[in-house]
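Enquirer: Return a 3D structure for these sequence lines:
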Amino acid sequence: EGKGKKRNPLHDFKKTGELMLIKINKTLEVKTKLLNTTEQCAKRCSRNKGLSFTCKAFAYDRVTKRCHWLSFNSLTNGVRKKQDHAFDLYEKKDYVRNCIIGKGADYKGTISVTKSGIQCQAWNSMIPHEH
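Expert: Sure thing, here's the model as predicted:
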C-alpha cells in the first residue's frame with residue numbers, strides 16, 4: 001500500500017444492504033453507539049474496542065447514524081434476517097466465507113466435512129493425523 005494511504009476497515013466485511021439481524025437467542029450480545037460513518041463502526045468491530053464479546057458483524061442505521069455491533073452473524077443459530085431499509089449489514093468475511101487460504105490455520109468458516117463427507121479432524125487433535 002502507498003505511503004500515507006490507510007487501509008479501509010470495510011475491506012474485511014461483506015455488505016448486505018437493507019438487512020438487519022434479529023436475535024432469537026437472548027444470550028447473543030449486541031452493543032450500540034452513535035457513530036458518523038460505517039468505517040468507524042468497522043474499525044471498532046475489527047479491534048473489538050469497548051466490546052465484551054468478539055464482534056462478528058455490525059449493522060449500521062443510516063437514519064439515526066447508530067452502529068449495532070453483533071456477537072453473531074447471519075449463519076449463527078438463534079438469529080433471523082429482517083429486511084429493513086434503514087440498515088446495512090456488514091459481516092466479517094472471516095466468519096461467513098467458506099474457503100481456506102494457505103494451510104487453513106486461521107479458518108473460521110462453517111464447513112467441517114471433506115468433499116467426500118468425512119468429518120474434519122479438530123485443529124487441536126493429532127489423531128488420526130499429525131499436522
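Enquirer: Please report the number of neighbouring residues for residue 125.
Expert: When neighbours are counted by other CB atoms under 10 Å, residue 125 registers 11. Backbone N, C-alpha and C define where each C-beta goes, glycine included.
Enquirer: which SS class is it?
Expert: Under the three-state scheme (DSSP: H, G, I helix; E, B strand; the rest coil), residue 125 adopts coil.
Enquirer: now do residue 60
Expert: Residue 60 ends up strand, using three-state DSSP.
Enquirer: That one is in contact with residue 39, isn't it?
Expert: No: if you go by CB atoms under 8 Å, residue 60 and residue 39 don't touch, sitting 10.0 Å apart.
Enquirer: higher neighbour count, the two?
Expert: For residue 60 versus residue 39, the count of surrounding residues by other CB under 10 Å is larger for residue 60: 22 against 13.
Enquirer: Kindly state the beta-bridge partners for that one.
Expert: residue 67, residue 88 (DSSP bridges).
Enquirer: and residue 11, which of the three is it?
Expert: Per three-state DSSP, the secondary structure class of residue 11 is helix.
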